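Asker: 3D model of this:
(chains A and B)
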Amino acid sequence: MAVDFIYPEFEVIRNEDRCIACRACERQCANEVHFFSTEREKMMSDESKCVNCQRCVSLCPTRALKIVKSDCTLRENANWQNETIREVYKQAASGGVLLSSMGNPKPMPVYWDKILINASQVTNPPIDPLREPMETKVFLGKKPDKIRRDEKGNIICDLPPQVELSMPIMFSAMSYGSISYNAHCSLARAATELGIVYNTGEGGLHEDFYKYGKNTIVQVASGRFGVHEVYLEAGAAIEIKMGQGAKPGIGGHLPGTKIVDDVSRTRMIPEGSDAISPAPHHDIYSIEDLRQLVYSLKEATEYKKPIIVKVAAVHNIAAIASGIARSGADIIAIDGFRGGTGAAPTRIRDNVGIPIELALASVDRRLRDEGIRNNVSLVVGGSVRSASDVVKAIALGADACYIATAALLALGCHLCRTCQTGKCNWGIATQRPDLVKRLNPDMGSERLVNLMTAWRHEIMEIMGAMGINSIEALRGNRLMLRGVGLNEKELEILGIAHAGE
Amino acid sequence: MLKEGQIRIPSGCAISAIISRDGNRMTGEDIVKSMIPMHDRSNGLGGGFAGYGIYPEYKDFYALHIFFDSRTTRKDCEAFLKEYFEIVEAEIIPTRKMPEITDEPLIWRYFVAPFQSMLADMQLDEREYVARIVMKINTELSGTYCFSSGKNMGTFKAVGFPEDVGTFYKLEEYEGYSWMAHGRYPTNTPGWWGGAHPFTLLDFSIVHNGEISSYDANRRFIEMFGYKCTLQTDTEVITYIMDYLVRRQGLTLTEAANVIAAPFWSTIGREPDEETKKRLAYLRTVFPSLLVTGPFSIVLGFTGGIMALNDRLKLRSMVVGEKDDVVYVASEEAAIRAVEPDAENIWAPAGGEPVIVTVKEGAL
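Answerer: Here you go, the predicted model:
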């Protein structure tokens, strides 16, 4: 119907002088935007299909292409914005829930950007990481609260199981299915080379990747896809996924089109069937049930694996975390509302949950107030974008950060936010063999290693400037942070002073 | 202007310590003398001393040294003390009027013994009981500050240069087997008597030179265990850390030093002895939040000994020397030479290497 017509969001601008009609753009575009018109003897485009993934732009040998935001808009209206109106049209036509991918793009406050870091001047010296040792190694897991000695008086050195990381960053959960074999392969190899971990997500662990087990966190989610004894034994830790920052309170839905061959075998579900994880774990309706699952998994793995409980940052996150810390879990992972996803209902993604910075600050404080901070390690994710975000997170009280979007960007993601279509031109969020092969795991893992190496250097520089030579002396060191442009309440929750104080 | 405790004030410093391994009692004169050549390391905004073995006649009682704002706060505090302790002696600490030291508070000392019935009631051991009451005095009674609470030892501190503070407190009249001193160079302070060093809890006292960069990480961790960092100083938090590690976790001094000035992971990796390697790695993994970074040199005093320790990068000067049974520790060699020109074996301990000197057994 004409009423539903929406002028395409993007326009493909082709410089006719430069275009040599090599048709590379046509071959590269899984969305079938570009085509060659024999009639007019030139390249044409159907812009309605364009998602602005920049694949054609990046690969055009003569730089003849650019994608721009269309200036054909509805009449300006601060309240009824273009996007809002378009969504109404879409829903009026389809009757469906709006779907989106990746993190919340709305202009919500990013507290990382309103926090500044300290440095040493005069009264104590900055430390130069090029000349002095600078340590970033962390151990995640419960710490014993009493030193015990044997009859000879020697300390008994037995620790609850720990995850050792060369730097306080881990690749966050992305399932095989939602992302490609080559993407998983890149993450697994990079994590191994870096001495950190990646996370299977809820899709099970492909048989080829068991060899990276020491650097793998295996996830148990509400759908229990791909979970079996060998899988649980395979990883460095087991993560129970209770929620995800992009869609708190919502399960997952991987369309049958992505459940092909290996994905189906890894998930242990029939090919072509939709993989639907329920919103709750149906064996966890309360905290005491969580405790049972934690201990079931511990029993199954002979208490050799730390158990992570991952939750979305929601309003009463402090109380929830306190409950988890007493449930036997070794690590709590909290995912903020700006966290990414392969697909989520738009309204949920953009309106449910709270910023990770505030969640982290209040959880860390609550656990300390209750004297149980040592029972658990705290990992935070949900839009940690850079080395300075990591430093701020650690100083607010995190033991480590989860990153996923940044890792995907390193693999070539251009953040077009249409993962749900399964037609990722960069070979990441797709199962189409012709697209998957575009991502070369050799190159992918190298780029991930590069990114993390660069961040590690930056973290060391920032720490050195503060006069800190080990990451553990930064953890929870809120005196090293100051807020700018934050109100009293925000500062109180973050537990930091304002700049100038 | 905000007072110490309401704001964190960084400061540089001078430290000095003298101990007789034979347990011979020395007057406070030498320790005061050792601070004179280091005059420029302080700025007149804080100096202090701690002496061990100075109250032999009251050695079974906790000696509480307390500053009071006024007569009223003293009366209130005494009423408070009487609820928890038997007070066997209460007196003004003798001082000398001198132009260099002004605005002194009321300075009293009390020799006390905890009520056994209260101990049993609260299911606490004696030291924990006393530590808690001291913490209560300092957080709950305004205008009152208990700055010394050990047995047979005492801390003396004031706003002023250390050598003047020593004269003010008539330290030549005390005799102890071990002495520690501190001169302070705060970068921004109205000068408050309680903020001077040493900082003391029970018989642990610490003098410290440095500004630790791990402060808030350490503070927020240690406060989980009932300690309250009311002064916001490095010295205070290090004292609590040592108390926690040694008294409450039962670590040896060396083990505690391995926590707060932990060897680098690369050093641990090179450790040839498997048992040591395991222990060092274990301590680092269990107490990561008690690693102290940034520059510091500290001397920890305790009954029967001292421990000197530098940060693991040795970002602050500290030398050790000896002569006969006496061991000297100071920020500068000049301080040692001022007291003992013939001091021998002068050396600078490596970063993170604890120097522990104890009075030989049976000498006390």
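
Asker: for the rest of this, base every contact and every neighbour count on C-alpha atoms.
Answerer: Will do.

Asker: and the residue of the stretch 301-450 of chain A found nearest chain B, how many neighbours?
Answerer: The stretch 301-450 of chain A approaches chain B most closely through residue A:371 (4.9 Å), counting by C-alpha to the nearest C-alpha. Other residues within reach of residue A:371, judged by other C-alpha atoms under 10 Å in any protein chain shown, total 16.

Asker: for it, give me phi and psi.
Answerer: Backbone geometry at residue A:371, expressed as degrees, to the nearest 10, gives phi 70, psi 20.

Asker: nearest residue to it in space, please, no chain neighbours.
Answerer: Leaving aside its sequence neighbours, residue A:371 sits nearest to residue B:224 (C-alpha to C-alpha, 6 or more residues apart in numbering or on different chains; 4.9 Å).

Asker: that neighbour - that's part of a helix, no?
Answerer: Yes. Counting by DSSP: H, G, I helix; E, B strand; the rest coil, residue B:224 is found in a helix.

Asker: which stretches of the stretch 101-250 of chain B form helices?
Answerer: For the stretch 101-250 of chain B, the helices defined by DSSP state H, counting those that start in this stretch occupy B:116-122, B:126-140, B:162-168, B:215-222, B:234-242.

Asker: follow-up on the earlier one: so the residue of the stretch 301-450 of chain A closest to chain B sits right up against residue B:226, yeah?
Answerer: No. The criterion here is C-alpha atoms under 8 Å, and residue A:371 misses it with residue B:226 at 9.1 Å.

Asker: re the thing from before, show the contacting residues for the residue nearest to residue A:371.
Answerer: If you count contacts by C-alpha atoms under 8 Å, 6 or more residues apart in numbering or on different chains, residue B:224 has them with A:368-371.

Asker: which one (most neighbours) among the residues you listed?
Answerer: Sorting the contacts of residue B:224 by how many neighbours each has (other C-alpha under 10 Å) puts residue A:368 first, at 19 neighbours.

Asker: nearest spatial neighbour of it, chain-adjacent residues omitted?
Answerer: Sequence neighbours aside, residue B:224 is the residue nearest to residue A:368 in space, at 5.7 Å (criterion: C-alpha to C-alpha, 6+ apart).

Asker: how close does the one you found sit to residue A:398?
Answerer: Distance, residue B:224 to residue A:398, using C-alpha to C-alpha, to the nearest Å: 16 Å.

Asker: next one: residue A:489
Answerer: 21 Å.

Asker: neighbour count winner among these two?
Answerer: For residue A:489 versus residue A:398, the count of surrounding residues by other C-alpha under 10 Å is larger for residue A:398: 27 against 9.

Asker: confidence score at the residue nearest to residue A:371?
Answerer: At residue B:224, the predicted lDDT confidence score is 95.

Asker: next one: residue B:4
Answerer: The per-residue pLDDT reported for residue B:4 equals 63.

Asker: same question for the one 5 residues further on.
Answerer: Listed pLDDT for residue B:9 reads 63.

Asker: please apply the same query to residue B:211.
Answerer: 85.

Asker: any idea how many residues pack against the nearest residue to residue A:110 once chain neighbours are set aside?
Answerer: Spatial nearest neighbour of residue A:110, excluding adjacent residues (C-alpha to C-alpha, 6+ apart): residue A:355 at 7.7 Å. Applying other C-alpha under 10 Å, we find 24 residues neighbouring residue A:355.

Asker: give the contact list for residue A:355.
Answerer: Residue A:355 makes contacts with A:110-111, A:313, A:336-338, A:382, as judged by C-alpha under 8 Å, 6+ apart.

Asker: who wins on neighbours among these?
Answerer: residue A:313 (35 neighbours).

Asker: relative to residue A:245, how far out is it?
Answerer: Applying C-alpha to C-alpha, the value for residue A:313 to residue A:245 is 6 Å.

Asker: overlap in contacts of these two?
Answerer: With C-alpha under 8 Å, 6+ apart as the test, residue A:313 and residue A:245 both reach A:334-337, A:353.

Asker: tabulate those in TSV, adding columns for secondary structure, pLDDT and distance to chain B.
Answerer: Formatted as TSV, those follow (DSSP: H, G, I helix; E, B strand; the rest coil; pLDDT from 0 to 100; distance: C-alpha to the nearest C-alpha, whole Å):
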residue	secondary structure	pLDDT	distance to chain B
A:334	strand	98	21
A:335	strand	98	23
A:336	coil	97	23
A:337	coil	96	27
A:353	coil	96	27
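
Asker: output these as JSON lines; include the columns distance to residue A:89.
Answerer: Listed next are the shared contacts of residue A:313 and residue A:245 as JSON lines, based on distance: C-alpha to C-alpha, whole Å:
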{"residue": "A:334", "distance to residue A:89": "35"}
{"residue": "A:335", "distance to residue A:89": "32"}
{"residue": "A:336", "distance to residue A:89": "30"}
{"residue": "A:337", "distance to residue A:89": "27"}
{"residue": "A:353", "distance to residue A:89": "27"}
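
Asker: low-confidence ranges in the stretch 1-150 of chain B?
Answerer: Low-confidence segments of the stretch 1-150 of chain B (pLDDT under 70): B:1-12.

Asker: please, where are all the strands along it?
Answerer: Assigned by DSSP state E, counting those that start in this stretch, the stretch 1-150 of chain B shows strands spanning B:11-20, B:26-27, B:47-52, B:62-68, B:85-92, B:106-114, B:144-148.

Asker: quick check: which of these is buried the most?
Answerer: strand B:47-52 (a mean of 30; mean count of other C-alpha atoms under 10 Å in any protein chain shown).

Asker: ok, back up a step: which of the helices of the stretch 101-250 of chain B sits closest to residue A:65?
Answerer: When the helices of the stretch 101-250 of chain B are compared by C-alpha to C-alpha, helix B:215-222 sits nearest residue A:65, at 52.2 Å.

Asker: which strands or helices does that closest one pack on?
Answerer: Taking 3 or more C-alpha pairs under 8 Å, 6 or more residues apart in numbering or on different chains; DSSP states H and E as contact, the helices and strands that helix B:215-222 lies on are helix B:234-242.

Asker: how close does residue B:349 sit to chain A?
Answerer: Shown here: residue B:349 relative to chain A, a distance of 18 Å by C-alpha to the nearest C-alpha, to the nearest Å.

Asker: same check on residue B:340?
Answerer: Taking C-alpha to the nearest C-alpha, one finds residue B:340 at 31 Å from chain A.

Asker: what about that residue, neighbour count?
Answerer: Neighbour count of residue B:340, defined by other C-alpha under 10 Å: 17.
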